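[1] Return a 3D structure for these sequence lines:
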Amino acid sequence: MKFHSFLVYFMLLSLGLFFSYAIGQTVIIKGTAKEACGKTISLKSYTDNLTFTEQLLTKTVIDSAGHFELICKISSTTLAIIHVEYYTGELYIEPNHNLTIEIKNLVFNQKIDRINYNLNPLTCYVKVLTDDKNDLNKLIQRLNINYNRFIKDNIFWMKTQRIHYKVDTFSLAMKDTFGLVNNDFFNDYLKYRLASLKLLTNYNDNRKLMLEYIYQKPILFDNVEYMTFLSNLFDNYFEDLTRPVNLSDLKVPVNTNRSSAEAMEVLGKDTLLKNEKLREIVFLKTLDVLYASSNFNKKAVVEVLRQLSNTSKFDTHKLIARNMIWQYTHFDKGFAAPDFALRNSNDSLVKLSSYKGKMVYLNFYASWCVDCIDEMELMKKLYEKYQNDVEFVSISVDRENINMVYLARDRKYKWTFLHFNNDYELLENFGVYSYPSFVLIGADGKYIQCPAVSPSGNIESVLDEILHPGENKKDKK
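    Next up is the predicted model:
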């Protein structure tokens, strides 16, 4: 009886340990960001290291003293991305390994907004506060400092034969420096960082690098440096006419037959790609190359990706295919626009979904942007003409919402004005990368155009064609 009870207890304990690893282990990150009091800090990770599609791990508000605490669960060593408005920083986090960090180089004012009008991510400095020299972040930082210094010192020799000796010397020095490190993730990171250096300097041709670092080796999906090397290696792998397979060999399988199985069979003619798992991840990378090529039909590439997302034997490949489809198509006509709730000039919450049943013309602007004001002056006439059929909504990206109130009042704009509440994720969700930006949403809440034609670009003709289809053509006749 006692043995039976012990056996049940042991099984339950084992089950509990299994599920704790399956769902992830807790990581606590405490830190300070004294230049960002009151702002939201987000911690994200990549769902895969080929498309770099982000997912939210956790977020919180930095308190009035500049302190914050981020708590999340992860199942393996993860490259995390910290976001504070349009500032980003990187941090490696490991299961059951808590960290204390300090974030610096954060500046928030209208001057920076004007300089960064195209919303490029600005880098903030993330410092891990630890005396442990074998901390993963410290190790990667040391390696990257040495790597970047090597590139800087040898920039003039990068494509010459002389660089090969220098690469060998540097590689030996790094292996010696980090030879005693007992961290599998870092050791793989080091290996493929040095492989990337060989690729960058034309140390070997792609086929030799493939044999040395990829062929008959484990596919390290979770190691960002491995996946970066693999991605860069196959950027132009099939453009070499001496290869058994060239990009032109994929035209019929992809463009004409739209068959992932047929394309995979063609790639299998390369003896280095006989392994199905490796061949398929290479095919996914190659489809990204094909999508950007004028020689391949974009819709055909997306159709092949849909097949892979449904039929692949490998869950990671299905995820990558879905992420690629989303990146290529999520602003296309017919996709649902994300909802939001923002405050208007009267401090009332307004939801995008409340406009269903009516077209919405969104305009993202800043009061200091001259082009934005010019476009809104043209919107006056559009509003007068289409106000019964189209809801005009201007979203201010000024830091202070009072600027929105003054602008609408002083210029006598009559349509709806909202403030973005310093939510830069909102801008990302609508593909806003510069000001002014426009989005046209149908009465069903789905995109018609994203980005949309501006007032000066003749959005009027687009609206007329939607509201009165065929009339313009009749008039011309």
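
[2] And the average pLDDT for the one helix or strand Glu384 maps to is what?
    Element membership of Glu384 [criterion: DSSP states H and E] is helix 370-386. Mean pLDDT, helix 370-386: 96.

[3] Just list what that helix packs against, helices and strands only.
    With contacts taken as 3 or more C-beta pairs under 8 Å, 6 or more residues apart in numbering; DSSP states H and E, helix 370-386 sits against strand 359-365, strand 390-396, helix 459-467. C-beta: built from backbone N, CA, C; applies to glycine.

[4] Of all these, which one is nearest Glu262?
    helix 459-467 (39.1 Å; C-beta to C-beta).

[5] ok, now which ones touch Asp398?
    By C-beta atoms under 8 Å, 6 or more residues apart in numbering, Asp398 lies in contact with 110, 366-368, 404, 419.

[6] tell me the least confident of those?
    Gln110 (87).

[7] So what's the residue count around that residue?
    Close neighbours of Gln110, defined as other C-beta atoms under 10 Å, add up to 14.

[8] Now for it: which residues touch it?
    Gln110 makes contacts with 368, 398-399, as judged by C-beta under 8 Å, 6+ apart.

[9] ok, for the residue most central in space within the chain, nearest residue in space, not its chain neighbours?
    Centroid-nearest residue in the chain, with C-alpha atoms, centre = their mean: Thr53, separated by 4.3 Å. Excluding its sequence neighbours, the residue lying closest to Thr53 (C-beta to C-beta, 6 or more residues apart in numbering) is Asn323, at 4.2 Å.

[10] Confirm the one you found sits in a helix?
    Yes: read with DSSP: H, G, I helix; E, B strand; the rest coil, Asn323 is one of the residues of a helix.

[11] Pretty sure Thr47 is one of the things it touches, is it not?
    Yes: using C-beta atoms under 8 Å, Asn323 and Thr47 qualify as a contacting pair, with a distance of 6.3 Å.

[12] Settle it for me: which of those two has more neighbours?
    Using other C-beta under 10 Å as the criterion, Asn323 and Thr47 rank with Asn323 on top: 20 against 16.

[13] just to revisit the earlier point, so what's the backbone phi/psi at the residue nearest to the centre of the chain?
    Main-chain dihedrals, Thr53, degrees, to the nearest 10: phi -80, psi 130.

[14] okay, it: pLDDT?
    Looking at Thr53, its pLDDT is 97.

[15] How about Asn206?
    Note on Asn206: pLDDT of 88.

[16] and if you look at Ala321?
    At Ala321 the predicted local confidence, pLDDT, stands at 98.

[17] can you count the residues close to the residue nearest to it when sequence neighbours are not counted?
    The shortest distance from Ala321 to any non-neighbouring residue, by C-beta to C-beta, 6+ apart, is to Ser309 (3.8 Å). When neighbours are counted by other C-beta under 10 Å, Ser309 registers 18.

[18] ok, which stretches of the stretch 301-450 of the chain are helices?
    315-329, 370-386, 401-410, 424-429 (DSSP state H, counting those that start in this stretch).

[19] on contacts alone, who are the packing partners of the first one?
    By that I understand helix 315-329. Counting contacts by 3+ C-beta pairs under 8 Å, 6+ apart, helix 315-329 is packed against helix 276-291, helix 298-311.

[20] Pick the most buried one from those.
    Among those, the stretch with the highest mean neighbour count (mean count of other C-beta atoms under 10 Å) is helix 276-291, at a mean of 21.

[21] now for the helices and strands packed on helix 315-329, which one comes closest to Ala336?
    Ala336 sits nearest to helix 298-311 of all these, at 17.7 Å, using C-beta to C-beta.

[22] Counting by contacts, list what that closest one packs against.
    Under the contact criterion of 3+ C-beta pairs under 8 Å, 6+ apart, helix 298-311 touches helix 260-267, helix 276-291, helix 315-329.

[23] Please convert those helices to a markdown table, extending it with distance to Tyr413.
    Listed next are the helices and strands packed on helix 298-311 as a markdown table, based on distance: least, C-beta to C-beta, whole Å:
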| stretch | distance to Tyr413 |
| --- | --- |
| helix 260-267 | 51 |
| helix 276-291 | 40 |
| helix 315-329 | 34 |
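
[24] one step back: of the helices of the stretch 301-450 of the chain, flag the one that's most buried.
    helix 315-329 (a mean of 18).

[25] picking that back up, switch the helices and strands packed on helix 370-386 over to a markdown table, and while doing so, append mean pLDDT to every line.
    Listed next are the helices and strands packed on helix 370-386 as a markdown table, based on pLDDT from 0 to 100:
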| stretch | mean pLDDT |
| --- | --- |
| strand 359-365 | 97 |
| strand 390-396 | 98 |
| helix 459-467 | 96 |
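
[26] would you turn those into TSV with mean neighbour count?
    Shown next, in TSV, are the helices and strands packed on helix 370-386 (neighbours: other C-beta atoms under 10 Å):
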stretch	mean neighbour count
strand 359-365	23
strand 390-396	22
helix 459-467	16
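
[27] of all the ones you listed, which lies closest to Leu139?
    Among these, strand 359-365 comes nearest to Leu139, with 41.6 Å by C-beta to C-beta.

[28] Residues contacting the closest one, please?
    352, 372-373, 375-376, 379, 382, 389-397, 420, 427, 430, 432, 435-443, 448, 452, 459, 463, 466.

[29] Give me the distance from it to the chain's centre.
    24 Å (C-alpha atoms, centre = their mean, to the nearest Å).

[30] Kindly report the same for stretch 160-172.
    Chain-centre distance of stretch 160-172: 34 Å, with C-alpha atoms, centre = their mean.

[31] Show me what counts as buried in that stretch.
    163, 166-167, 170-171 (16 or more other C-beta atoms under 10 Å).

[32] Show residues contacting it.
    Outside stretch 160-172, the residues that touch it by C-beta under 8 Å, 6+ apart are 146, 150, 154, 157, 194, 197-198, 201, 203.

[33] just to revisit the earlier point, confirm for me that the residue nearest to the centre of the chain is in contact with Ile325.
    No: using C-beta under 8 Å, Thr53 makes no contact with Ile325, being 10.8 Å away.

[34] Quickly list the domain ranges of this structure.
    According to automatic domain parsing, the chain comprises the domains 21-129, 138-329, 341-476.

[35] Nearest to Phe335, out of those domains?
    domain 341-476 (5.3 Å).

[36] shared neighbours, Asn323 and Thr47?
    Looking at what touches both Asn323 and Thr47 (by C-beta under 8 Å, 6+ apart), the common residues are Thr53.

[37] For Phe68, list the residues it contacts.
    Neighbouring residues of Phe68 by C-beta under 8 Å, 6+ apart: 30-33, 41, 60-62.

[38] Which of the helices or strands spans it?
    Using DSSP H and E, the element containing Phe68 is strand 67-74.

[39] about what we covered before: which one of the helices and strands packed on helix 315-329 lies closest to Tyr87?
    Nearest of these to Tyr87, taken as C-beta to C-beta: helix 276-291 at 27.7 Å.
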